[in-house]
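Enquirer: Let's see this in three dimensions:
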Amino acid sequence: MLPAIFKKLLDGVNILGLSKDIDSIDVGKMSNGGTITALNGITATTTSDEIDLRGYKHIQLTLIGSNFTSGNFAVSFKGDSLSGGAFGDIYQQKADNTYEKVADITVNSNATTTYVIPYIGCKYLKLTATRTTDGTLSAYITPFN
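Expert: Residues are numbered from 1 along each chain as shown. Okay, the predicted model is just below:
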């Protein structure tokens, strides 16, 4: 309960939460980014819009599959250092100083799965989900440090 003096001072004042749209501090670039809907209930092969990962090192990817009987989606990652660039495969360095492509993820069950992809290594990301015969897919990205 606010004391009467504060009630009087705040009368008619709207108090808003932090927002990257109205604050000088970009709260969208803090330790954990907001969750971004990359793909929303798709039923055909689809590539997401580019996702801005500037300022973040890692991503959490949540995939929600539904309506599968015999098909699947293969989800692949494409990255670039430039917005609007020529997005290509993403490679990560292994312990032996060789590189390997970030593997595609196959979704073929009516379930929610979450993956953590460390050191994604690109400023901008796109997801491509390639569908075979059936199923619906949603994908959410949460960048973090």
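Enquirer: Can you give me every residue that contacts the nearest residue in space to K57 that is not next to it in sequence?
Expert: Closest residue to K57 in three dimensions, ignoring its sequence neighbours and counting by C-beta to C-beta, 6 or more residues apart in numbering: N145, at 5.3 Å. In short, each C-beta sits where N, CA and C put it, glycine included. N145 makes contacts with S31, N32, G55, Y56, K57, H58, as judged by C-beta atoms under 8 Å, 6 or more residues apart in numbering.
Enquirer: Can you show me the helices along this protein?
Expert: Listed in chain order, the helices of the chain (DSSP state H) span 4-10.
Enquirer: for it, what are the low-confidence residue spans?
Expert: 1-30 (pLDDT under 70).
Enquirer: Just give the closest residue to Q93, not the sequence neighbours.
Expert: Counting by C-beta to C-beta, 6+ apart, Q93 lies nearest to Y99, which is 5.6 Å off, once chain neighbours are set aside.
Enquirer: can you tell me how far the one you found sits from P118?
Expert: 15 Å (C-beta to C-beta, to the nearest Å).
Enquirer: still on that earlier bit, so which of the contacts of N145 wins on neighbours?
Expert: When the contacts of N145 are compared by neighbour count (other C-beta atoms under 10 Å), Y56 ends up highest, at 19 neighbours.
Enquirer: Quickly list what the closest residue to it other than its chain neighbours is bridged to.
Expert: Counting by C-beta to C-beta, 6+ apart, Y56 lies nearest to P143, which is 3.6 Å off, once chain neighbours are set aside. Beta bridges link P143 to I59 when assigned by DSSP bridges.
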